[in-house]
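Q: Next one to model:
(4 chains)
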Number of protein chains: 4
Amino acid sequence: MSNLKAGIVGGSSLLAGLLIEMLDTHPLVDLVYIESEHHSGKPLGQVHQFLKMAYKSKKFEKFSSDFILKHLDVVFVCKPHRDSMKYVKQLYNEKIKIIDLSGDFRLKDIEEYEKWYGAKHIASMLLSKAVYGLSEIYTEKIKRSFLVANPGCYPTGILLSLYPLLKNKAIHFQDIFIVSYSGVSGAGRNPIPGKNLFMDAFNNIIAYKVTDHQHTPEIEAYLSDFAGKEISLNFVPHITSIENGIFNTIIVKPQKTMTENDYYNFYEKSYSKCKFIEIHKDRIPQVKDVVNTNFCRIALKADERTGHLLVFSVIDNRIKGGAGQAVQNMNLMFGFPEETGLI
Amino acid sequence: MSNLKAGIVGGSSLLAGLLIEMLDTHPLVDLVYIESEHHSGKPLGQVHQFLKMAYKSKKFEKFSSDFILKHLDVVFVCKPHRDSMKYVKQLYNEKIKIIDLSGDFRLKDIEEYEKWYGAKHIASMLLSKAVYGLSEIYTEKIKRSFLVANPGCYPTGILLSLYPLLKNKAIHFQDIFIVSYSGVSGAGRNPIPGKNLFMDAFNNIIAYKVTDHQHTPEIEAYLSDFAGKEISLNFVPHITSIENGIFNTIIVKPQKTMTENDYYNFYEKSYSKCKFIEIHKDRIPQVKDVVNTNFCRIALKADERTGHLLVFSVIDNRIKGGAGQAVQNMNLMFGFPEETGLI
Amino acid sequence: MSNLKAGIVGGSSLLAGLLIEMLDTHPLVDLVYIESEHHSGKPLGQVHQFLKMAYKSKKFEKFSSDFILKHLDVVFVCKPHRDSMKYVKQLYNEKIKIIDLSGDFRLKDIEEYEKWYGAKHIASMLLSKAVYGLSEIYTEKIKRSFLVANPGCYPTGILLSLYPLLKNKAIHFQDIFIVSYSGVSGAGRNPIPGKNLFMDAFNNIIAYKVTDHQHTPEIEAYLSDFAGKEISLNFVPHITSIENGIFNTIIVKPQKTMTENDYYNFYEKSYSKCKFIEIHKDRIPQVKDVVNTNFCRIALKADERTGHLLVFSVIDNRIKGGAGQAVQNMNLMFGFPEETGLI
Amino acid sequence: MSNLKAGIVGGSSLLAGLLIEMLDTHPLVDLVYIESEHHSGKPLGQVHQFLKMAYKSKKFEKFSSDFILKHLDVVFVCKPHRDSMKYVKQLYNEKIKIIDLSGDFRLKDIEEYEKWYGAKHIASMLLSKAVYGLSEIYTEKIKRSFLVANPGCYPTGILLSLYPLLKNKAIHFQDIFIVSYSGVSGAGRNPIPGKNLFMDAFNNIIAYKVTDHQHTPEIEAYLSDFAGKEISLNFVPHITSIENGIFNTIIVKPQKTMTENDYYNFYEKSYSKCKFIEIHKDRIPQVKDVVNTNFCRIALKADERTGHLLVFSVIDNRIKGGAGQAVQNMNLMFGFPEETGLI
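A: So this is what the prediction gives:
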């Protein structure tokens, strides 16, 4: 069998740079097309300095739906929110598989989308086709899908952290508090003064969008799906002086008194077959444990004094929270072992 | 009037290093005695490399209660927890003012002390004499005290963040969630593998003592004092890849619906005369805003969707959370303007 | 005697922010005027977030040479290179003292200026009036001057490192190699993609302008002045993942064989009266030893194997290499003790 | 053909942790033995927290030369300098291939070894057997060797940077100045107060062993080999606030005037077949370009003003300067394509 032909639309983003590296070493894929609107005609090396020479001299292509639909088996769309849907709309066609890394197809409720993203949705007819690409939870749907909405970085770690508790109705639905810290790569490659300049973020901690981050409705929507009940919660994101990685600290209230071990059992049962989820019993995982990997690592702590349960999780925002999960989803969509080409 | 004669017992710690710098430039103080058990006889510069030459060549002294009681007006005790009480016990005498930077005199309940600090209290007769040195709240008591228990770094920022809400009975007492991040200087100067080595903490996030940090009972005790009611809560500390500073993210539940502005009024009223507390209405303060200063900066955010109230605060753990507040307390104890010698 | 009235022209730069803090606590100065072309009418706090509330609400003023000449005793010009000379030209008048922090008045040779700065000099008549403000070397001239050209950050540390050797004709003039590393604050506050974004500079080392940095002719000109002979050299600057500070590593060839101690004697003699220069015999100073201070610290190492001499120096680029030296120069110009208001 | 059986002696070091990861994903190798004297019997996960669960539960073995000689095809010795030779001495046997990552077999001159490493060499009879494992230069010898002395991190980048110039006799031999900056991982995993604690190295620059680093004679020995003439030079190492990577800044004097392009031709000719060396003509490579890869990237700059030539190079000290080059050498020793299992 010949290798898959893959392409990237929106090839200049940070996540696209990672996808290039990952697809280059993926044994079952040939990366044959890398598009960029702003950089078409320029060598990749001008944008992605770290690439090997062989890649640095390749050129960004113009967008051509004809080329994509004729030559590719799979396309990763790495355009910004609100822009991505224009490309997906042109490409959707049940002969090619699309993995969209933006937020445009994650929320099924158009009103919610338009409220949190501040834009009309121009491809709403595709919302019912799009499968939310949380690889470990929606595995079967992803396998059959032609359009995967790759999850946001924060929602990935948070949803995986709470799935076993909600599935087993072990916690109260209205008292979920999530405090997350992300590395600065989460803010992307374009300068945002006050946020991602060195002198802003280095040696600093910044809380931002503390009640209105667009990942809030995404988290709520899929937690509600797990629980079978509407959930609303506080999600409070911060940026600190690290490159990559997200640390989630979650406080929840148990429905009834259980031992820490009982909770751990829910996690071990839920994730027993998952290659990229590891449950830690003896030590709270740290950001360093997952950076440059596709792993999500989770630990629990029952506080006997207060009766609350603490859940901790870490991922690499760019990998499991971005390009890695996208490759994992591609593997699922084409029937490859899910870990192919991933660390 | 001649300058105060000040001394430091435990002169090799990180906080002692800062105190040396601060007292050196304090216009009303002469620092005449710096003790270190391990380093007595050695020049200060071997431990505190950053000091000016003039100080680097001074020598650490041996401990001498005679000298201290005879020649000093004020002494800062910078010994570790469990060790400090031995020195304070020897020095207590209502002719000299003592500011103890350890945790040994902060908790009034001996059982609590012995449970959280894992040691017998050998100077329990002094617990009733010691005043908790939260400068802005216990001002009048501090002025009259001969023994101040300087607050812990986390409790300082957290207590100042919640005082106006509890004093005004604006929030539920049993639903207070505190997630704090500290710079690595909080872990002190001795190597703790897995925590304060460069390769451990750089580019990393580490949660630690998530249900059993010894600052938990200190926070609970003084919040209970503010509220006039027993409070227990979750305090979840983390360390991240910054040098100095603490960021507190606090989620509380209002007693009744109020506007964000109503809450702000409580803060402005409580702190109108405080030089070192600033309330931010338009922007959540960042760690960088307070590093190297004695300020505590606080902001609020009422989340209309969930009905919860978020409180954010930042301090420099070494200054307002340590040496700076100690100098502020000294100023109060001697009737100087509270900001003398502080930035 | 009433306090000096001081003003800042170009009040939004990083160095201006520091000057505001420094002049605020200077006991002999009132800062009464802070100009910004782009931000006039806006509160200082929008640009300098870290300032105290009292300053944050003050407003940037419009430029008014009338106001300045009428009300101020001293003005600090913090405009960018090539722009600064326009302001100095309007303000020069031997009744007010001007300290210019740009590169516009540092080079006396107009051709050199125009070659390295790529612009016509529009105030060349003032070049002969301007005194190069290397406080420790040109002290007497600075005291009598009405226009001080405050040195560049790299030249400050490098010139102080080599002055005793050249003055004593101890080294070859044509074999001076300087490798310098600076913190990212040296790149200023405006975004320069590829250089001062967090994801560019964090965890990275970047060499830049390795043969054409505009500080090269400044270093050469004043070294030549010390030596009484034309000097040309290699100055190779780098940026690394720290906020503040410069580390200079200099390799020179001795004229004749001398002991390390002989070289040290030159330094101790040259700088015996300098409050802000410290010579280290036992330990090479580190960037941390000088950050947030106005000190330059220097050490030597004679390599017996190769016969070469190594000189190391550190300064804080923003303080001794910028705002601190500017205040030191102001102190000299007005006859204050040189360390007034400085740490 | 069945996979190679590989083992690691000294499995708890930082480099050993990387080797475990690399050999785990190497398609032609099974890692079957990981020894640690201090940790034998403990799970790997207690030392290498970042490993996958499957590896974390494996246990460190005791040292057994019987087991190694009977079951392994290749063994990596990761013991510290001075300790490593004891193990190599026991294992040397021309049926198994040994790659030693310490400094014990790099210097051929016993006196030099004993002077710079401060210890007697107890396996000097093996020095003539050991091949210096600079993969791109000593390729043919490495292929035939049973004992490879894997190069030091600094020498790797520096030797590759100067080989084409010395081979072509393009520069003076006695005027080579090397200033290198390394990430803190170079200082290993054990605490060294004043050097690798977070509060020491973060936001700091430290020069160390400026005339007596043990890599100096290693650099000199192989440069001399390239040149066919004794070379002595200044190598001045520094540590700064980054995790991984080395940046070398080298200043040399040309023998005669040539264009920058002429020099580049030497490099392109020397390295035309090398997968892991990339020559940059348009941009000086940065540490970030090579971190987590086995690449060495090099650029040149001829300074027309001074007549000197600048050479810049970057590597990841742990990969090309350690575990990566070790794997590359293993590939050469067993006739695999040199890039197998490497990025």
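
Q: Where does the prediction get shaky in the stretch 1-150 of chain A?
A: A:1 (pLDDT under 70).

Q: Mind jotting down where the helices sit in it?
A: A:14-25, A:53-56, A:65-71, A:84-91, A:110-117, A:139-144 (DSSP state H, counting those that start in this stretch).

Q: Please, which helix or strand holds A:Pro164?
A: Assigned by DSSP states H and E, A:Pro164 belongs to helix A:153-167.

Q: what helices or strands is that helix leaning on?
A: strand A:177-182, helix A:215-227, strand A:234-240, strand A:246-252, helix A:260-270, strand A:296-302, strand A:309-315 (3 or more Cβ pairs under 8 Å, 6 or more residues apart in numbering or on different chains; DSSP states H and E). Glycine gets a C-beta too; all of them are placed from N, C-alpha and C.

Q: Of these, which is nearest chain D?
A: strand A:296-302 (9.2 Å; Cβ to the nearest Cβ).

Q: thinking again about what came up before, is it possible to export the helices and strands packed on helix A:153-167 to a markdown table including distance to D:Leu166 and mean pLDDT?
A: Below are those laid out as a markdown table (distance: least, Cβ to Cβ, whole Å; pLDDT from 0 to 100):
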| stretch | distance to D:Leu166 | mean pLDDT |
| --- | --- | --- |
| strand A:177-182 | 47 | 98 |
| helix A:215-227 | 56 | 98 |
| strand A:234-240 | 46 | 98 |
| strand A:246-252 | 48 | 98 |
| helix A:260-270 | 59 | 98 |
| strand A:296-302 | 49 | 98 |
| strand A:309-315 | 47 | 98 |
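
Q: among the ones you listed, which is nearest C:Asp66?
A: strand A:234-240 (45.0 Å; Cβ to Cβ).

Q: Just the residues contacting that closest one, thanks.
A: A:154, A:158, A:176-184, A:186-187, A:195-196, A:201, A:204-211, A:213, A:215-216, A:219, B:181, B:205, B:240-242, B:247, B:249, B:251, B:303, B:306, B:308, B:310 (Cβ atoms under 8 Å, 6 or more residues apart in numbering or on different chains).

Q: Of these, just the buried ones, PyMOL syntax please.
A: Of the contacts of strand A:234-240, the buried ones can be selected in PyMOL as follows, counting by 16 or more other Cβ atoms under 10 Å in any protein chain shown:
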select buried, (chain A and resi 154+158+176+177+178+179+180+181+182+183+184+186+187+195+196+201+204+205+206+207+208+210+211+213+215+216+219) or (chain B and resi 181+205+240+241+242+247+249+251+303+306+308+310)
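
Q: in terms of contact, does A:Tyr147 touch A:Leu91 like I think?
A: Check again: residue A:147 is Leu, not Tyr. No - if you go by Cβ atoms under 8 Å, A:Leu147 and A:Leu91 don't touch, sitting 9.1 Å apart.

Q: Comparing the two, which residue is more hemmed in?
A: Taking other Cβ atoms under 10 Å in any protein chain shown, A:Leu147 and A:Leu91 do not tie; A:Leu147 has more neighbours (24 against 20).

Q: Contacts only, for the residue lying farthest from the centre of chain A.
A: Centroid-distance maximum for chain A: A:Arg305 at 35.0 Å, with Cα atoms, centre = their mean. Taking Cβ under 8 Å, 6+ apart as the contact definition, A:Arg305 lies against B:Thr211, B:Ser232.

Q: Tell me how chain A divides into domains.
A: A:4-129, A:154-317 (automatic domain parsing).

Q: Let me know which of the ones you listed is the nearest to B:Glu338.
A: domain A:154-317 (27.0 Å).

Q: tell me the pLDDT at A:Asn204?
A: Per-residue pLDDT puts A:Asn204 at 98.

Q: In which helix or strand does the residue farthest from the centre of chain A reside?
A: Going by DSSP H and E, A:Arg305 is not part of any helix or strand.

Q: How many neighbouring residues does the residue in chain A that chain C sits nearest to have?
A: Nearest to chain C, among the residues of chain A, is A:Pro191, at 3.5 Å (Cβ to the nearest Cβ). Using other Cβ under 10 Å, A:Pro191 has 18 other residues around it.

Q: I'd assumed C:Lys195 was in contact with it.
A: No - using Cβ under 8 Å, A:Pro191 is not in contact with C:Lys195; the gap is 10.7 Å.
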